[in-house]
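>>> Predicted coordinates and the sequence they were generated for:
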Amino acid sequence: MKFRLRFSDKLVESRKKQPPAHRRNPHGFYNPHMQRSDRRYQETLHYLLDRVNFEKSTDRACTQNNFQLARMAYLLELLENPQLAAPVIHVAGTKGKGSVCWLLAEAFRRNGLRTGLFTSPHLVDLEERFAIDSQAIEPGELVEIVDQIRAADRLCSDSQHGQPTFFELTNAIGWLAFRNHKTQVNVIEVGLGGRLDSTNVCSPALCIITSISYDHQLQLGDTLAEIAGEKAGIIKPNIPVICGARTPEASKVIQARAQRQGSELLQLGRDFDARWTPDPDSLRARLDYAEYPELPDGKQTNFEQPATLRMLGKHQSENAAIAMRAWRKLKQLGWDLQDRAIEESLAQTQVPARLEVLGLDPTWILDSAHNEASIDALVDALESYFPSRPKTILFACAKDKKAPEMLERLVASVDRIVLTQFRSNPRFTPVEKLLEIANSLVSKARRADQRAATILSCEDLPGALRLVGQSAELRGQTNDPSMVYVITGSFFIASEAKAYFASCGQIGPS
């Protein structure tokens with residue numbers, strides 16, 4: 001898709017009045033000593049957060065009518081198209097896209113390439129969305145980049161396109177940060193969907209679509225085919241595509257889109273695959289990867305190239321296989337890449353809040369599962385790595401997610417569930433509503449003589465953590481080293497947990 005928009009001479013003239021950003025400070029193009037408590041930093045956050053933010057919106061739907069690619073294209077043209085400064089790997093999908101982005105970005109870094117990584121949302125600090133060689137940009141750099149954007153933002157707001165949203169501005173910040181740092185490759189995670197996502201103004205060297213499942217139906221559609229159609233919107237003419245969607249309903253849509261665009265499609269389960277063998281003792285897994293250009297029905301392939309996978313869960317083997325196939329495809333396209341780099345990335349990369357082990361004895365895990373498919377993956381991972389150990393889930397979720405379906409899976413799989421709610425976002429499901437749902441599920445399970453978790457509740461995460469400790473004391477299980485605790489249900493509760501543990505300097509109940 002091409003956008004032919006007139007670049008504003010006013011913005012060019014305004015830039016001529018000051019030296020280039022990287023010459024304003026002897027330490028670089030930002031103040032390396034700025035703290036997040038500084039006034040300018042806080043003003044910058046307010047500037048961004050005052051915009052329409054569909055990540056936190058409760059009174060306006062993030063529907064297709066709210067997406068305008070032309071506005072994002074115009075904003076970036078005013079900024080001299082920083083999205084064209086380096087090759088891009090563009091990644092969409094329902095589950096796994098963040099993991100694939102991290103695995104590839106870490107592999108590029110280990111291969112000696114200066115790498116930009118744009119992901120969303122952030123766990124604690126906004127700067128986490130913009131990583132250079134796996135390090136988030138500094139607060140002072142965020143301030144300087146927003147200062148670069150303000151003039152273009154005003155011109156865009158005054159144009160027919162209207163005021164950019166929070167996500168559009170953060171996307172622009174990422175592109176500028178990567179250009180400022182002269183990155184050699186940028187790995188970009190789609191925010192929502194794909195076809196109309198603001199990241200879709202890039203010109204990728206490779207497109208990746210991970211697994212497809214039900215999520216964001218209001219924006220993307222009620223069927224897997226409709227959701228896949230939106231994700232497939234990132235496919236560009238003659239650009240190779242790596243696809244991890246296994247369900248026929250979704251994969252057929254993606255294959256049809258690739259065919260229309262004349263793009264080579266490499267399909268998980270057809271052109272490549274992986275076999276996963278967990279090791280509960282080391283909390284690692286063996287990954288056996290295989291490629292087969294044409295596999296007749298019924299024929300088995302021989303798996304090769306064993307690797308170690310750090311991230312927990314069988315679903316991560318599919319993400320690892322996607323990253324591996326993308327790596328090999330780029331090598332086929334002439335990129336100077338070493339297999340050692342991707343193998344090291346698989347063995348050492350841990351994406352924050354993706355079944356992230358925070359502590360042992362007892363085991364604490366942080367996970368951002370927020371739909372039925374990701375809860376299934378969580379339950380499967382817990383059974384694979386901790387089959388005989390007692391499990392406690394601390395659960396909170398957003399009001400637009402399917403709490404009954406997620407809780408139904410957890411009630412039947414763990415020993416105890418502590419229901420709570422997050423405070424950092426108004427989209428939370430009230431704990432009273434969660435308690436009503438969970439109690440109904442428990443009653444139904446017990447009437448059928450099926451396993452059912454004990455249900456507790458508290459209105460905030462610190463209280464839920466204290467409740468876990470008090471409950472353990474009553475059962476004589478204080479600091480039981482066999483217990484597995486998992487905080488899950490939403491990226492927002494994971495974010496609060498990460499910030500809380502960092503502030504108090506400990507993990508788990510006091």
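Everything's here; your move.

>>> quick one: low-confidence ranges for the stretch 251-400 of the chain?
293-305 (pLDDT under 70).

>>> What segments of the stretch 1-150 of the chain are helices?
According to DSSP state H, counting those that start in this stretch, the stretch 1-150 of the chain carries its helices in the segments 9-16, 39-49, 69-78, 97-110, 139-157.

>>> among those helices, which is nearest Pro248?
Across the helices of the stretch 1-150 of the chain, Pro248 has its closest neighbour in helix 97-110 (20.6 Å, C-beta to C-beta). (Glycine included, C-beta is placed from N, CA and C.)

>>> Now that closest one: average pLDDT?
Average pLDDT, helix 97-110: 97.

>>> And stretch 413-424, what's buried?
Ser413, Val414, Arg416, Ile417, Val418, Leu419, Thr420, Gln421, Phe422 (16 or more other C-beta atoms under 10 Å).

>>> Next step: those residues restricted to strands.
Arg416, Ile417, Val418, Leu419 (DSSP state E).

>>> follow-up on the earlier one: of the buried residues of stretch 413-424, just say which sits nearest to His33.
Once C-beta to C-beta is applied, the member of these that ends up nearest His33 is Phe422, at 32.2 Å.

>>> returning to what we had before: so can I have CSV of the buried residues of stretch 413-424 showing distance to Thr44 and pLDDT?
As requested, the buried residues of stretch 413-424 are exported to CSV (distance: C-beta to C-beta, whole Å; pLDDT from 0 to 100):
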residue, distance to Thr44, pLDDT
Ser413, 43, 96
Val414, 42, 96
Arg416, 42, 96
Ile417, 39, 97
Val418, 36, 97
Leu419, 36, 98
Thr420, 31, 97
Gln421, 29, 96
Phe422, 24, 93
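
>>> Tell me where the stretch 151-300 of the chain has helices.
166-180, 217-220, 224-231, 248-261.

>>> Select, out of these, the one closest to Arg114.
helix 166-180 (9.0 Å).

>>> For the closest one, the averaged confidence score.
Helix 166-180 comes out at a mean pLDDT of 97.

>>> how far does it sit from the chain's center?
17 Å (C-alpha atoms, centre = their mean, to the nearest Å).

>>> other SSEs contacting it?
On a contact count with 3 or more C-beta pairs under 8 Å, 6 or more residues apart in numbering; DSSP states H and E, helix 166-180 meets helix 39-49, helix 69-78, strand 115-118, strand 130-132, helix 139-157, strand 185-189.

>>> Distance to Tyr500 for the ones in strands among the buried residues of stretch 413-424 - can I get that in CSV?
CSV is the format used below for those (distance: C-beta to C-beta, whole Å):
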residue, distance to Tyr500
Arg416, 20
Ile417, 19
Val418, 14
Leu419, 17
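
>>> between the residues you listed, which is nearest Ile437?
Using C-beta to C-beta, those come closest to Ile437 at Leu419, 8.9 Å.

>>> could you list every residue that touches Thr183?
Ala85, Ala86, Arg114, Thr115, Gly116, Ile132 (C-beta atoms under 8 Å, 6 or more residues apart in numbering).

>>> Tell me the buried residues within those.
Judged by 16+ other C-beta under 10 Å, buried ones among the contacts of Thr183: Ala85, Ala86, Arg114, Thr115, Gly116, Ile132.

>>> Quick check: closest non-adjacent residue to Gln35.
Pro139 (6.6 Å; C-beta to C-beta, 6 or more residues apart in numbering).

>>> Report pLDDT for that neighbour.
95.

>>> what does Lys10 give?
On the pLDDT scale, Lys10 gets 36.

>>> The one 10 residues further on too?
Reported pLDDT at Pro20 in the predicted model: 39.

>>> before we move on, what about Leu192?
Reported pLDDT for Leu192: 83.

>>> One more: the one 4 residues further on?
Here the pLDDT value assigned to Leu196 is 88.

>>> Strands of the stretch 201-350 of the chain, start to end?
Secondary structure of the stretch 201-350 of the chain (DSSP state E, counting those that start in this stretch): strands located at 206-209, 241-243, 265-267, 272-279, 284-291, 304-309.

>>> Among the ones you listed, which comes closest to Ile227?
strand 206-209 (10.8 Å).

>>> pLDDT (mean, whole number) over that closest one?
For strand 206-209, the mean confidence score works out to 98.

>>> strands paired with it, and their directions?
Using DSSP bridges, the strands paired with strand 206-209 in its sheet are strand 88-92 (parallel), strand 241-243 (parallel).

>>> Report the distance from the longest one to the chain centre.
The reference is to strand 88-92. On C-alpha atoms, centre = their mean, the centre of strand 88-92 falls 12 Å from that of its chain.

>>> angle of it against helix 224-231?
160 degrees (axes from the mean of the first three to the mean of the last three C-alpha atoms, to 10 degrees).

>>> Which positions within strand 88-92 qualify as buried?
Of the residues in strand 88-92, those buried (16+ other C-beta under 10 Å) are Val88, Ile89, His90, Val91, Ala92.

>>> Pretty sure the last one sits against Ile234.
Yes - Ala92 is within contact range of Ile234, at 5.0 Å (criterion: C-beta atoms under 8 Å).

>>> any residues in contact with both of these two?
Going by C-beta under 8 Å, 6+ apart, residues that sit against Ala92 and also against Ile234 are Val190, Gly194, Asp197, Cys207, Ile209.

>>> I'd like to know how many residues surround the fourth one.
What that stands for is Cys207. Counted by other C-beta atoms under 10 Å, the residues lying close to Cys207 total 27.

>>> residue nearest the centroid of the chain?
Centroid-nearest residue in the chain: Gly98, 3.6 Å away (criterion: C-alpha atoms, centre = their mean).

>>> Out of the contacts of Thr183, which is nearest to Pro306?
Among those, and counting by C-beta to C-beta, the member closest to Pro306 is Thr115, at 25.8 Å.

>>> Cheers, nothing more for now.
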